[in-house]
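> Test case, fold it:
(one chain, ligands or ions: 1)
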Amino acid sequence: MVVTASDIQDACRGLGLSGSALCLHSSLRSFGRVEGGATAVIEGLLAEGCTVMVPAFSWAFAVPPPVDMRPPRNGCDYDREAETPQYGVTYTPESTEVDSHMGAIPAALVTMAGSVRGWHPFNSFAAVGPRAHDVIDEQRPLRVYRPLQVLADLDGWVVLLGTGLTSMTMLHLAEKRAGRTLFRRWANNRRGWPMMVETGSCSAGFDRFETTLASLERQTRVGESLWRIFPARATLRAAAQAIRMNPEITRCADPECERCPDAIAGGPILQTSIAPGLRP
Ligand SMILES: [Zn+2]
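Numbers count the residues shown, from 1 in each chain. Below you'll find the predicted structure:
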């Protein structure tokens, strides 16, 4: 069985997603064979009037932590983080570099005509379609999940194409909504100097949200790929509520995890006494 762009379009219409903003977390491999590959999946959704957003993470733009930017309870071992290679590379939204583990669909999307990419060095989102600028334009290093908030505000959808809840970045925004401070990591600012930027915590335990989100989910199959769709606004609200009720819900199964305990404790303790403008 070969999946075509028109199969994608039919599935999109069947799920009632036409004209909506979508955040895809995808495994192209989950489909079996797709005629036209990753681009055909995106084009099938665009043909239904959707705005297609993806995480387009690019950790090669991370740099080691400067000694004066190491907040406590930040879910990391600073000695090990200090070994991050320093390439001195400065990200720009025109970059087409995407981590290979993000998959073929984000890699294709960032090269498409009309695609828009956010201003976050290694956790950018990218989008194509009619609302692309609306969802992407306000992303900043310290507003990493702004695109997901806009997605919720637009009554968009989180769409898992052959992936699971451990891929659902919206659950990190739910952590913030529940009152946690997001972890800080480091990258060069536009002038090439290190700055702190927001990033997500550990997502290895996110399958534990299955029960919380079950009543919101709808599913279909396209080729061999299981599509799971979640309304962004209600998902964010339900997940944040679940974290407030039981902060342990985000804890992964690894007793050695250095991120989960710090995230559950509330995230990094930021020094607010140093005015950011006083940095060199
Ligand atoms: Zn963990």
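> The stretch 51-200 of the chain: strands as residue ranges?
In the stretch 51-200 of the chain, strands defined by DSSP state E, counting those that start in this stretch lie at 51-55, 116-117, 125-128, 157-161, 183-188, 194-199, listed in chain order.
> Count the residues that sit near the residue of the stretch 51-200 of the chain found nearest the ion.
The stretch 51-200 of the chain approaches the ion most closely through Gly75 (8.7 Å), counting by Cβ to the ion. For glycine as for every other residue, the C-beta is placed from the backbone atoms N, C-alpha and C. Using other Cβ atoms under 10 Å, Gly75 has 22 neighbouring residues.
> check contacts around the closest residue in space to it that isn't next to it in sequence.
Nearest residue to Gly75, sequence neighbours excluded (Cβ to Cβ, 6 or more residues apart in numbering): Arg259, at 3.7 Å. By Cβ atoms under 8 Å, 6 or more residues apart in numbering, Arg259 lies in contact with 75-76, 183, 201-202.
> how about a cut-off of 6 Å?
Contact analysis of Arg259 by Cβ atoms under 6 Å, 6 or more residues apart in numbering lists 75, 201-202.
> Looking at the residues you listed, which are in helices?
The helices, defined by DSSP state H, take in nothing from the contacts of Arg259.
> For these, give me TSV that also has pLDDT.
Listed next are the contacts of Arg259 as TSV, based on pLDDT from 0 to 100:
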residue	pLDDT
Gly75	97
Ser201	97
Cys202	98
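> I figured Leu160 hits Arg228, correct?
Yes. Using Cβ atoms under 6 Å, Leu160 is in contact with Arg228, at 4.2 Å.
> So those two - more neighbours on which side?
The neighbour count for Leu160 versus Arg228, taken as other Cβ under 10 Å, is higher for Leu160 (24 against 19).
> Could you list the contact residues of the stretch 101-250 of the chain toward the ion?
202, 204 (Cβ under 5 Å from the ion).
> give me the residue from the stretch 101-250 of the chain nearest the ion.
Residue of the stretch 101-250 of the chain nearest the ion, by Cβ to the ion: Cys202 (3.0 Å).
> Next, work out how far apart the nearest residue to that residue once chain neighbours are set aside and the ion are.
Nearest non-adjacent residue to Cys202, counting by Cβ to Cβ, 6+ apart: Arg259, 4.0 Å away. In this view, Arg259 and the ion are 5 Å apart by Cβ to the ion, to the nearest Å.
> Kindly report the same for Ala38.
Ala38 sits 30 Å away from the ion, going by Cβ to the ion.
> Show residues contacting the particular helix or strand that has that residue in it.
Ala38 belongs to helix 37-46 when assigned by DSSP states H and E. Applying Cβ under 6 Å, 6+ apart, the contact partners of helix 37-46 are 5, 8-9, 12, 28, 34, 52, 104-105, 108-109, 129.
> need those in CSV with pLDDT and neighbour count, can you?
Below are the contacts of helix 37-46 laid out as CSV (pLDDT from 0 to 100; neighbours: other Cβ atoms under 10 Å):
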residue, pLDDT, neighbour count
Ala5, 96, 19
Ile8, 97, 27
Gln9, 97, 18
Cys12, 97, 26
Leu28, 96, 21
Val34, 96, 24
Val52, 98, 26
Ala104, 97, 18
Ile105, 98, 22
Ala108, 98, 21
Leu109, 98, 27
Gly129, 98, 25
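> between these, which is closest to Thr220?
For the contacts of helix 37-46, the residue nearest Thr220 by Cβ to Cβ is Cys12; the value is 9.6 Å.
> Who are the contact partners of the closest residue to that closest one other than its chain neighbours?
Nearest residue to Cys12, sequence neighbours excluded (Cβ to Cβ, 6+ apart): Glu48, at 4.5 Å. Counting by Cβ under 6 Å, 6+ apart, Glu48 makes contact with 9, 12-13, 18.
> related to what we said a few turns ago, correct me if wrong: the residue of the stretch 101-250 of the chain closest to the ion contacts Cys260.
Yes. Counting by Cβ under 6 Å, Cys202 touches Cys260, with 5.0 Å between them.
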